[in-house]
Each structure stands twice: as C-alpha cells, then as structure tokens.
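Engineer: Structure of the sequence below:
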Amino acid sequence: MNIQNSLGTRFTDLSSIGPIQGITIIVPDRSHVSLASVFRDFFISLDQFTNAETPRDFAVYSLDGCPSHDHSYWRNRTIVFWSDFHARWQLTSKQLHRAHQLLRLARQSVLVGGGVFALCRSEFAGRCAVAVHPNLRFVAEEEGFMCTESGAPFAIDGNICSATSIFAALRLFLKLLEAEIGGFSAATFGDYVGLEVSGEPFQGKQEHIIKRYSGGDRIIGDCVAVMLENLENTLSIVQIAQILNVSSRQLQRRFSTQLGVSPLTIYRSLRLERANQLVQQTSYSMHEIAAATGFGTRSSMVRSFKQQFGMSPSDARAKMF
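Structural biologist: Now for the predicted structure:
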C-alpha cells in the first residue's frame with residue numbers, strides 16, 4: 001500500500017524491500033562516472049559504520065557499456081539510473097530497450113534526477129509514482145509519468161524508487177536502509193554522515209558508537225561512554241558499575257536484556273574497533289596499538305583482531321594501500 005507523509009514523499013511498506021547488497025550506477029556517459037563517487041563513498045561509510053563483514057559490491061557503467069550479465073546477477077542488485085536534473089536524459093531506442101530490461105530484472109531500481117526518463121515508453125511509466133525535480137516536471141508529465149506532488153524529494157513505489165537529485169537520493173537510501181538495519185540505526189548513520197536525519201546536532205564517531213550500541217538506553221549509553229574513555233587503561237565491569245552507581249548484576253542484566261550480550265563483549269568490541277581505526281589510519285606499530293587499546297600483549301591483540309575482522313592487523317593495513 002502506498003502512503004504519503006507530511007512532506008508529500010510517497011513510499012510503500014518497507015517490509016517488502018530487500019537488503020541493498022550489490023549496487024550498479026548507470027550514467028549517461030563516462031563524464032558522469034567521477035560524480036557517482038558520492039554513492040560509493042556513502043556505501044563505503046555505511047559498511048565501515050556497521051562493521052560489515054563483506055563490503056557491498058559497487059559498479060558504475062554507461063548504458064552502452066553495461067555488461068550482459070545473466071538474469072540472476074541483476075536480480076540481486078540495486079540499479080541506480082542517474083543523470084543531473086538540469087536537462088532531460090535523451091535515451092536512444094536501443095538504450096531505452098536496455099534500460100527497460102534492467103528495470104524488469106533488478107531487485108530494485110532507483111531513478112535519480114534525469115534518470116527518471118529511463119521509464120519512457122515502459123510499462124512502469126504511468127503505473128509508478130515518481131519524484132521529479134521541478135526542472136523536469138513538465139516534460140515528465142508530457143511523457144505520461146505519474147509525478148508525486150511538488151516538493152516531494154523522493155518516492156518509493158514497489159521496487160521502483162526515485163529521487164529528485166543526487167542529494168535527495170542519499171535520503172532515499174537512508175529510508176530503504178530502515179528495512180535492513182532498523183530505523184534507529186539508519187537515522188544514526190544519517191546523522192553521522194551529516195544528513196541530520198534525526199534533527200540532532202552533528203556528532204563525532206564516538207557519540208555515534210554510543211548510540212549504536214546503546215539503542216537509546218540511558219544506562220547502557222552511560223556505560224559505553226565510560227568504556228570509550230577507558231580503552232587504554234581498561235576497567236572491570238564492577239568498577240564501571242560503581243562509577244555509574246548501579247550494581248554490576250543490574251548492569252549485566254541490562255545489557256543481556258537490551259542487546260543480548262554482556263558488557264564485557266561490548267567493551268571488547270569497542271577496543272577492537274579502536275584498534276582497527278589505528279591500524280588503518282595511523283602508522284603506529286602493533287605493539288603501540290595493543291597498548292593503546294588495553295591488550296596486554298601484541299599477540300593477544302592480533303588474535304582478538306583476527307577473530308573480530310577475519311584478518312590480521314597487518315593484512316587490514318595492507319588493504320588500505
């Protein structure tokens with residue numbers, strides 16, 4: 001069922017939306033490829049924020065240069081047709097035919113700016129509600145498109161999604177991500193990358209780590225804050241409980257009920273997350289990183305790092321260069 005919110009943004013029940021795994025950006029020509037890095041950076045940041053075990057596959061093609069993969073390949077992908085909103089994307093008959101094939105095959109399609117004209121002369125044109133930039137609205141209506149009311153930045157209608165611009169598309173992806181990582185996590189990630197979805201002031205990574213692990217619970221949030229302040233000189237759970245003026249048993253129960261894990265497990269994850277940051281962003285030796293994250297020895301840190309990330313710290317650092 002289609003719903004409209006107070007902004008006029010049209011969207012369907014997100015329960016039918018699948019995870020965004022592979023992403024293919026389709027652009028008018030090679031001159032647009034570099035600008036598509038906005039989408040790449042968004043999903044790289046998302047994978048880092050969620051500690052994804054497997055990074056999302058990302059590709060950029062022009063319609064003419066798009067490879068002929070089998071049908072199963074496209075059924076697992078989100079395809080983004082993107083062109084700027086200053087002028088209509090003029091597609092040839094051959095390009096339209098290819099675009100329509102991809103629209104039918106893809107898990108979901110996202111039409112951004114002038115990319116909405118991939119719908120021309122397709123069965124989707126008058127059936128799916130689309131968000132169209134005011135610059136293109138008249139032409140879109142002439143083509144028989146069912147445009148959302150003016151001012152709607154994006155629309156979700158079944159597996160056909162649309163956004164008026166590349167900036168609105170990032171907000172659209174956050175909405176789609178609610179079905180994958182939950183509304184709270186999607187909003188927190190949005191705040192983290194500067195989209196300010198929740199309306200809260202922009203915060204640094206540590207504050208977002210607290211929100212992600214606490215789920216909004218005050219006691220857990222305060223506990224995670226104490227842990228983050230003591231990554232190098234680690235505390236016992238009893239000591240943390242004393243700082244928070246709660247019993248260690250109450251703290252254990254709160255974590256178990258809200259997160260399904262112990263405070264010690266979260267503490268270890270925070271230390272390893274910091275270790276991963278130091279591995280990738282500094283030239284510190286492994287001994288220095290072990291000391292900075294509360295591990296007694298280098299070997300202990302390396303062993304825990306492998307268990308958490310599936311590779312050694314040295315391999316993780318090598319991947320960055």
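
Engineer: these two touch, right, residue 291 and residue 234?
Structural biologist: No. Using Cβ atoms under 8 Å, residue 291 is not in contact with residue 234, being 11.4 Å away. All C-beta spots, glycine's among them, are computed from the backbone N, C-alpha and C.

Engineer: Just give the closest residue to residue 168, not the sequence neighbours.
Structural biologist: Nearest non-adjacent residue to residue 168, counting by Cβ to Cβ, 6 or more residues apart in numbering: residue 153, 3.9 Å away.

Engineer: The one you found against residue 171, yeah?
Structural biologist: Yes. Contact criterion Cβ under 8 Å: residue 153 and residue 171 qualify, at 6.1 Å.

Engineer: hang on, the earlier thing: what's the spacing between the residue nearest to residue 168 and residue 123?
Structural biologist: Per Cβ to Cβ, to the nearest Å, residue 153 is found 25 Å from residue 123.

Engineer: in which helix or strand would I find residue 231?
Structural biologist: Using DSSP states H and E, residue 231 is not contained in any helix or strand.

Engineer: Please name every helix or strand in contact with the biggest helix by length in the chain.
Structural biologist: For the chain, the helix with the greatest residue count under DSSP state H is helix 263-281. Judged by 3 or more Cβ pairs under 8 Å, 6 or more residues apart in numbering; DSSP states H and E, the packing partners of helix 263-281 are helix 205-214, helix 218-229, helix 237-244, helix 248-259, helix 286-292, helix 298-309, helix 313-319.

Engineer: circling back to that earlier point, quick check: neighbours shared by residue 153 and residue 171?
Structural biologist: Residues touching both residue 153 and residue 171 (Cβ atoms under 8 Å, 6 or more residues apart in numbering) are residue 163.

Engineer: Which residue of these two possesses the greater neighbour count?
Structural biologist: More neighbours surround residue 153 than the other of residue 153 and residue 171, with 19 against 16 (other Cβ atoms under 10 Å).

Engineer: per-residue pLDDT, that one?
Structural biologist: Here, the pLDDT recorded for residue 153 equals 91.

Engineer: Same question for residue 146.
Structural biologist: In this model, residue 146 carries a pLDDT of 91.

Engineer: how about it, what does it touch?
Structural biologist: Here residue 146 is in contact with 125, 126, 127, 128, 129, 130 (Cβ under 8 Å, 6+ apart).

Engineer: what is the mean pLDDT for the longest helix of the chain?
Structural biologist: Helix 263-281 shows a mean pLDDT of 88.

Engineer: in the stretch 1-150 of the chain, which segments are predicted with low confidence?
Structural biologist: 1-18, 31, 69 (pLDDT under 70).

Engineer: all helices of it, in order?
Structural biologist: Counting by DSSP state H, counting those that start in this stretch, the stretch 1-150 of the chain has helices at residues 37-49, 71-75, 93-105, 134-142.

Engineer: Can you give me the buried ones in the last one?
Structural biologist: Residues 135, 136, 137, 140 are the ones in helix 134-142 that count as buried (16 or more other Cβ atoms under 10 Å).

Engineer: Enumerate the beta-bridge partners assigned to the closest residue to the third one other than its chain neighbours.
Structural biologist: Translated: residue 137. Excluding the flanking residues, the one nearest residue 137 by Cβ to Cβ, 6+ apart is residue 147, at 6.0 Å. With beta bridges defined as DSSP bridges, residue 147 has these partners: residue 130.

Engineer: quick one: residue 147 and residue 129 touch, right?
Structural biologist: Yes. Applying Cβ under 8 Å, one finds residue 147 in contact with residue 129, separated by 7.5 Å.

Engineer: May I have the residues that are in contact with residue 21?
Structural biologist: Contacts here follow Cβ under 8 Å, 6+ apart; on that basis residue 21 touches 56, 57, 76, 77, 78.

Engineer: List buried residues within the contacts of residue 146.
Structural biologist: Applying 16+ other Cβ under 10 Å to those flags 125, 128, 129, 130 as buried.

Engineer: how far away is the last one from residue 144?
Structural biologist: Translated: residue 130. Look at residue 130 and residue 144: by Cβ to Cβ, they are 11 Å apart.

Engineer: burial of residue 257, as a residue count?
Structural biologist: A total of 10 residues lie near residue 257 under the criterion other Cβ under 10 Å.

Engineer: Correction: the previous question concerned residue 185.
Structural biologist: The number of residues near residue 185, taken as other Cβ under 10 Å, comes to 18.

Engineer: before we move on, the earlier item: would you mind listing the residues touching both of residue 291 and residue 234?
Structural biologist: With Cβ under 8 Å, 6+ apart, residue 291 and residue 234 have no common neighbours.

Engineer: and of the buried ones among the contacts of residue 146, the nearest to residue 218?
Structural biologist: Nearest to residue 218 out of the buried ones among the contacts of residue 146 is residue 129 (Cβ to Cβ; 40.6 Å).
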